[in-house]
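> need coordinates for the below:
(one chain, ligands or ions: 1)
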Amino acid sequence: MDQPAPLEPLDETWERALCIVAHPDDMEFGAAAAVARWTGQGKHVGYTMVTSGEAGIDGLHPDECRAVREAEQVESARIVGVEVVDFLRQPDGILEYGVPMRRLLTAEIRRHRPDIVITGNFRDTFGGPMLNQADHIAVGKAVLDAVRDSGNRWIFSEQLSGQGGELEPWGGVRAVWAAGSPQSAHAVDTTETFNVGVESLKAHAAYIEGLGWENWDPGEFLEGFGRATGQRLGVAFAAPFEVFPMGWGD
Ligand SMILES: [Zn+2]
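Next comes the predicted model:
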């Protein structure tokens with residue numbers, strides 16, 4: 001068998017990142033250890049959840065599930081050094097890519113003014129036959145557009161100061177990084193923070209229990225992917241990202 005392709009280290013010369021994902025737990029299935037590394041370097045990282053994952057537990061009605069999952073996400077974020085978690089409370093499972101979603105995400109980006117925007121994998125699969133989920137694809141595509149929209153004062157201008165809103169345009173996003181993409185060519189060393197990442201996934205206790213996967217161990221699960229990625233970066237553990245440069249001239 002061919003050796004898997006080597007991965008390039010991610011650029012870490014930035015100060016602020018905003019992670020925009022569809023559901024609570026999306027960051028914790030692989031990317032949270034990277035976030036822990038970055039907050040440990042003194043970087044600021046914020047989380048935006050487009051839904052509250054309220055349709056994610058079969059035995060729990062969404063009206064009750066919403067609060068449970070938001071609380072688990074806030075704790076999970078706290079474990080990796082993330083203090084700010086925004087919930088946009090869009091409907092779980094039936095998100096639509098389009099202008100309304102771009103408007104919401106543009107407001108988030110203008111509010112947070114990040115250098116890097118991180119989202120989850122939004123390719124059709126996770127590699128091989130494992131299909132991706134509709135909300136992930138809708139959010140990822142809208143994130144790419146919203147990064148561009150944010151810098152254009154003529155798009156969603158009602159959000160801007162002097163025009164009914166209180167935000168300013170923000171054209172400072174250098175790149176969008178999609179965590180866990182099967183087309184990742186970059187990765188970050190998570191060896192030092194791997195265990196913190198496992199703890200942050202375990203914080204989704206009600207969700208994990210609701211999945212009903214018998215004998216499923218969050219640590220073992222993350223270890224499989226983390227080691228395989230680490231091997232391609234030349235370290236023990238790593239998290240993979242697909243990089244979309246957003247600045248002109250990059
Ligand atoms: Zn998800």
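> what does the host helix or strand of G140 rub up against?
Counting by DSSP states H and E, the element that carries G140 is helix 134-150. For helix 134-150, contacts defined as C-beta atoms under 8 Å, 6 or more residues apart in numbering pick out 20-23, 26, 50-51, 92-98, 101-102, 105-106, 108-110, 117, 119-124, 155-156, 169-171, 173, 176, 178, 244, 246. In this view, the C-beta of every residue, glycine as well, is placed from N, C-alpha and C.
> next SSE downstream of it?
strand 175-179.
> what element comes up after that next one heading to the C-terminus?
Per DSSP H and E, the helix or strand that comes after strand 175-179 is strand 186-189.
> C-alpha coordinates for the very next helix or strand once past that next one, CSV please?
The helix or strand immediately downstream of strand 186-189 is helix 194-202, counting by DSSP H and E. Taking Å, rounded to 0.1, in the frame of the first residue of the first chain, the C-alpha atoms of helix 194-202 are listed here in CSV:
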residue,chain,number,x,y,z
PHE,A,194,-5.1,15.4,23.0
ASN,A,195,-6.5,14.4,26.4
VAL,A,196,-8.2,17.8,26.8
GLY,A,197,-9.9,17.2,23.5
VAL,A,198,-11.2,13.8,24.8
GLU,A,199,-12.6,15.5,27.9
SER,A,200,-14.4,18.1,25.8
LEU,A,201,-16.1,15.3,23.8
LYS,A,202,-17.0,13.5,27.0
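> can the helix or strand that comes right after helix 194-202 be said to contact the ion?
On the C-terminal side of helix 194-202, the closest following helix or strand by DSSP H and E is helix 205-211. No: using C-beta under 5 Å from the ion, helix 205-211 never reaches the ion; the gap is at least 10.4 Å.
> buried residues in helix 205-211, which are they?
Neighbour counts over helix 205-211 (16 or more other C-beta atoms under 10 Å) mark Y207, I208, G210 as buried.
> distance check, the last one against A67.
When C-beta to C-beta, to the nearest Å is the yardstick, G210 and A67 sit 14 Å from each other.
> how far does stretch 23-36 stretch from start to finish?
End-to-end span of stretch 23-36 (C-alpha to C-alpha, to the nearest Å): 19 Å.
> do that stretch and the ion meet at all?
Yes: Stretch 23-36 is in contact with the ion by C-beta under 5 Å from the ion, via H23, D26.
> quick check: longest strand of this protein.
strand 238-245 (DSSP state E).
> in that one, what counts as buried?
Using 16+ other C-beta under 10 Å as the test for burial, strand 238-245 gives A238, A239, P240, F241, E242, V243, F244.
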